[in-house]
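Asker: Attaching a predicted model along with its sequence, questions to come.
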4 protein chains.
Amino acid sequence: MTTEFIWPIRVYYEDTDAGGVVYYANYLKFYERARTEWLNKMNINQVELLDEDIVFVVTHAEIEYLKPAKLNNELIVKSRINKVSAASVEFEQEIILEEKGLEEKGQSILLNRANIKVACLKLNSFSPCRIPTIVKEEFQRVS
Amino acid sequence: MTTEFIWPIRVYYEDTDAGGVVYYANYLKFYERARTEWLNKMNINQVELLDEDIVFVVTHAEIEYLKPAKLNNELIVKSRINKVSAASVEFEQEIILEEKGLEEKGQSILLNRANIKVACLKLNSFSPCRIPTIVKEEFQRVS
Amino acid sequence: MTTEFIWPIRVYYEDTDAGGVVYYANYLKFYERARTEWLNKMNINQVELLDEDIVFVVTHAEIEYLKPAKLNNELIVKSRINKVSAASVEFEQEIILEEKGLEEKGQSILLNRANIKVACLKLNSFSPCRIPTIVKEEFQRVS
Amino acid sequence: MTTEFIWPIRVYYEDTDAGGVVYYANYLKFYERARTEWLNKMNINQVELLDEDIVFVVTHAEIEYLKPAKLNNELIVKSRINKVSAASVEFEQEIILEEKGLEEKGQSILLNRANIKVACLKLNSFSPCRIPTIVKEEFQRVS
């Protein structure tokens, strides 16, 4: 059964641009915060991994910009793991705006959607390496 | 005949992360700088367009991270226009590291590759609109 | 009696640089997030102010970098209002690392300290204007 | 005799925020680019220094925001070294907008001014260390 990880994001001035909306590169920051918090929740410590010369690096990203996020919006990032391989993981992520209307139930608007492929690399050589077993098992447990 | 636009980028501390390489979202900044400089060269003024309530917005991006760019690297962004439609344009962009070796000729290493689809929108409604004719003609001239 | 506003910040890859610590400009982002959340808590809505052509803009900042924040650190931003004038406010802000030791009580380490002066401006002309009365009263209530 | 280092900066979408002007933290990026380019020109290689465990870190910054920089502005960063000590350097930096008017000569508008104190640190311990002699001599030559 697939687990979905939910992470809230507030849009600040730093995230926006002169077009009045979130700058297109910054959605990738939001997605990365959500992945990191998920790893934290799984007790996978990226700092400890760095000390062991292991780093997770994005190797492929596909992003669909459906509607813009705006200043002060309260967003939700939904993350799922699609596929776990020996040396890489595929995430499917969405950014959603929960509009708090006057009516009893708010509306949920999909703003952005991404497919992110992350590889496990040796930090010094940037060559692929197997995902450490305990980490891989965690990924498989939630995918 | 396709025109290629070349734009140089220097990697600064602001672009890197604790992994020692350029942070994955920042390649999108490099690509946008190159597109903007190309527009400037074509005499397409984004600020004037904003004043007319017209904005170019990325609607789809696909990025392949082949090799990491590092602190102080001198990069080159190569941009081409693949397709011009009534209300959108498709860019193909690459980030290249020109290694300056001791030998007579340096080596050219492809670090990153992207397909970026940009739509023309009305700023107030964020609804699609036709690319202004003079702008579209410029895009067609170089594609 | 002075009120202090506390806001937690997690350090992500996006915040760090190749030196392995938070990039020096990014502390200003952390401070701004804390000020914004404080405004939100006071029911001061920056988006509504923007619609009325009013914007709060930093006019002077002094930052002391005492110790570096690192990847995955859980920080706390403490904010106080020092002075409220007709058209400006002065904030005193600190970034603190709460080390969670094995011992019963953790240690609190001051990493960064800032004095931030913010002015109220008309958005179109960027000329100073009086802080709206309701906003000013809120500032005075907590300062 | 004091040497002044001049570095041009173009304002892109990434630098601006929903207020329509450059986000206040990003001026620090502009200043750092100028300092880095100056170091490069003096043949001081920050990457080589990092390999020797030496890093230059900002310990104090004071920034005056006089007028906002805007999208597509062509700015100039002027940098001077005020003081060279055993383990630190003080920079005085300005951001200037050169308005290209219709008249024969343009106007020069001071937008931003900063005092930046940079310390030389051991990367592993973040403890102060003497500036390497060759680097210090370069700083003294231009200050």
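Answerer: Yep, it's here.
Asker: and stretch A:67-79, how far apart are its ends?
Answerer: Start and end residues of stretch A:67-79 are separated by 18 Å (CA to CA, to the nearest Å).
Asker: List the buried residues for that stretch?
Answerer: A:68-73, A:75-79 (16 or more other CB atoms under 10 Å in any protein chain shown). No exception for glycine: its C-beta is placed from N, CA and C like everyone else's.
Asker: go on, stretch A:78-87?
Answerer: By 16+ other CB under 10 Å, the buried positions in stretch A:78-87 come out as A:78-81, A:84.
Asker: same deal with stretch A:46-60?
Answerer: Going by neighbour count (16+ other CB under 10 Å), the buried part of stretch A:46-60 is A:46, A:49-50, A:54-60.
Asker: likewise stretch A:124-132?
Answerer: By 16+ other CB under 10 Å, the buried positions in stretch A:124-132 come out as A:126, A:129, A:131.
Asker: hmm, it in reach of chain B?
Answerer: Yes: Stretch A:124-132 lies within reach of chain B by CB under 8 Å from any CB of the partner chain, at A:F126.
Asker: List of residues touching that stretch?
Answerer: For stretch A:124-132, contacts defined as CB atoms under 8 Å, 6 or more residues apart in numbering or on different chains pick out A:49, A:53-54, A:57, A:84, A:86-89, A:119-122, A:136, A:139, B:21, B:67-68.
Asker: So which of those residues belong to strands?
Answerer: Assignment to strands by DSSP state E places the following of these there: A:54, A:57, A:84, A:88-89, A:119-122.
Asker: Can you lay out those residues as JSON lines showing pLDDT?
Answerer: Below are the ones in strands among the contacts of stretch A:124-132 laid out as JSON lines (pLDDT from 0 to 100):
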{"residue": "A:I54", "pLDDT": "93"}
{"residue": "A:V57", "pLDDT": "96"}
{"residue": "A:V84", "pLDDT": "97"}
{"residue": "A:S88", "pLDDT": "97"}
{"residue": "A:V89", "pLDDT": "97"}
{"residue": "A:A119", "pLDDT": "97"}
{"residue": "A:C120", "pLDDT": "97"}
{"residue": "A:L121", "pLDDT": "95"}
{"residue": "A:K122", "pLDDT": "94"}
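Asker: Strands along chain A, start to end?
Answerer: Taking DSSP E as the criterion, chain A carries its strands at A:5-10, A:54-65, A:74-84, A:88-99, A:107-122.
Asker: right, and the ones you listed - which one's nearest chain C?
Answerer: Ranking the strands of chain A by distance to chain C, with CB to the nearest CB as the measure, places strand A:5-10 first at 7.5 Å.
Asker: who's in contact with the closest one?
Answerer: Identification of contacts with strand A:5-10 by CB under 8 Å, 6+ apart yields A:30, A:33-34, A:37-38, A:41, A:72-80, A:95, A:142, C:33, C:36-37.
Asker: buried stuff in that strand?
Answerer: Residues A:5, A:7, A:9 are the ones in strand A:5-10 that count as buried (16+ other CB under 10 Å).
Asker: how much space between A:F91 and chain D?
Answerer: Note on A:F91: its distance to chain D, by CB to the nearest CB, to the nearest Å, is 24 Å.
Asker: beta partners of the residue nearest to that residue when sequence neighbours are not counted?
Answerer: Among residues not flanking A:F91 along the chain, A:I116 sits closest, at 4.5 Å (CB to CB, 6 or more residues apart in numbering or on different chains). A:I116 forms beta bridges with A:A61, A:F91, as assigned by DSSP bridges.
Asker: ok, now how distant is A:I116 from A:N45?
Answerer: Using CB to CB, to the nearest Å, A:I116 is found at 20 Å from A:N45.
Asker: And A:I54, by the same measure?
Answerer: Per CB to CB, A:I54 is found 11 Å from A:N45.
Asker: coming back round to it: which of the buried residues of stretch A:67-79 are close to chain C?
Answerer: Under the cut-off given by CB under 8 Å from any CB, chain C has A:70-72 from the buried residues of stretch A:67-79 close to it.
Asker: How about the residues of chain A by chain B?
Answerer: Residues of chain A lying near chain B by CB under 8 Å from any CB: A:18-21, A:24-26, A:28-29, A:32, A:50, A:55, A:57-65, A:67-68, A:123, A:126.
Asker: residue ranges with poor pLDDT in chain A?
Answerer: A:1, A:101-106 (pLDDT under 70).
Asker: go again using 90 as the cut-off
Answerer: Along chain A, segments meeting pLDDT under 90 span A:1-2, A:46-47, A:50-51, A:98-107, A:123-126, A:143.
Asker: Where is the longest helix in it?
Answerer: helix A:26-41 (DSSP state H).
Asker: what about it and chain D, touching?
Answerer: No: if you take CB under 8 Å from any CB as the test, helix A:26-41 misses chain D, and the best it gets is 8.9 Å.
Asker: Measure how that helix sits relative to strand A:107-122, angle-wise.
Answerer: With axes from the mean of the first three to the mean of the last three CA atoms, to 10 degrees applied, the angle from helix A:26-41 to strand A:107-122 works out at 70 degrees.
Asker: contact partners of helix A:26-41?
Answerer: Around helix A:26-41, the neighbours that count as contacts under CB under 8 Å, 6+ apart are A:5, A:7, A:9, A:15, A:45-46, A:61, A:63, A:65, A:69, A:75, A:77, A:79, A:91, A:93, A:95, A:112, A:114, A:116, A:118, B:24-25, B:28, C:10, C:12-14, C:72.
Asker: swap the cut-off to 7 Å and go again
Answerer: By CB atoms under 7 Å, 6 or more residues apart in numbering or on different chains, the surrounding residues in contact with helix A:26-41 are A:5, A:7, A:9, A:15, A:46, A:61, A:63, A:75, A:77, A:79, A:91, A:93, A:95, A:112, A:114, A:116, B:24-25, B:28, C:12-14.
Asker: Go through it and flag the buried ones.
Answerer: Buried residues in helix A:26-41 (16+ other CB under 10 Å): A:26-39.
Asker: got it, and stretch A:108-126?
Answerer: A:111-114, A:116-121, A:123, A:126.
Asker: about what we covered before: could the buried residues of stretch A:67-79 go into a markdown table alongside distance to A:E99?
Answerer: Output for the buried residues of stretch A:67-79, formatted as a markdown table (distance: CB to CB, whole Å):
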| residue | distance to A:E99 |
| --- | --- |
| A:P68 | 14 |
| A:A69 | 12 |
| A:K70 | 12 |
| A:L71 | 15 |
| A:N72 | 13 |
| A:N73 | 9 |
| A:L75 | 11 |
| A:I76 | 11 |
| A:V77 | 16 |
| A:K78 | 16 |
| A:S79 | 21 |
